[in-house]
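Novice: Quick one, what's the 3D model for this:
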Amino acid sequence: QNELTKTQKLLRDAHNRQSVMYDTLVNHKRESLVKHKTRSQILAAELDDVGRRRVGLLRERDREESELRRIEESVKELEDKLQRLLQSQKSGGGGGSSSSAGGAH
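Specialist: Numbers count the residues shown, from 1 in each chain. I've put the predicted structure just below:
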């Protein structure tokens with residue numbers, strides 16, 4: 001009977017250790033999953049923020065490109081006007097300064 005009692009005690013101790021080990025592993029896995037979930041949520045929020053900033057930057061780039069095209073068109077118009085003015089001065093026999101500038105070309 002003494003041997004049976006020892007064996008039963010060993011069995012109970014083994015079950016208790018097994019239960020503690022199981023709880024430790026399960027809790028560790030749960031903690032790990034919670035950490036991963038939290039990190040995933042943070043990363044998802046950061047990605048959303050990056051996406052919003054990207055859209056804003058793309059819109060700003062489009063506005064800047066549009067403004068650049070407008071300025072380029074204005075410069076082209078000014079160049080055309082200047083060219084016409086120089087042509088009219090050459091054909092109209094404009095002052096000495098235009099003929100000397102024309103001679104430089």
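
Novice: Can you list the residue ranges for helices in this structure?
Specialist: 2-91, 96-104 (DSSP state H).

Novice: With mean pLDDT added, can I get the ones you listed in CSV?
Specialist: Listed next are the helices of the chain as CSV, based on pLDDT from 0 to 100:
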stretch, mean pLDDT
helix 2-91, 93
helix 96-104, 45
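
Novice: Spatially central residue for this protein, please.
Specialist: Nearest to the mean C-alpha position of the chain, by Cα atoms, centre = their mean, lies V50 at 4.4 Å.

Novice: Around N27, how many other residues sit close by?
Specialist: Using other Cβ atoms under 10 Å as the criterion, N27 is surrounded by 10 other residues. The C-beta positions use only the backbone N, C-alpha and C, and glycine is treated the same way.

Novice: Name all residues that make contact with it.
Specialist: Residues near N27 by Cβ atoms under 8 Å, 6 or more residues apart in numbering: none.

Novice: I'd like to know how far it sits from V20.
Specialist: Plainly put, N27 is 11 Å away from V20 if you go by Cβ to Cβ, to the nearest Å.
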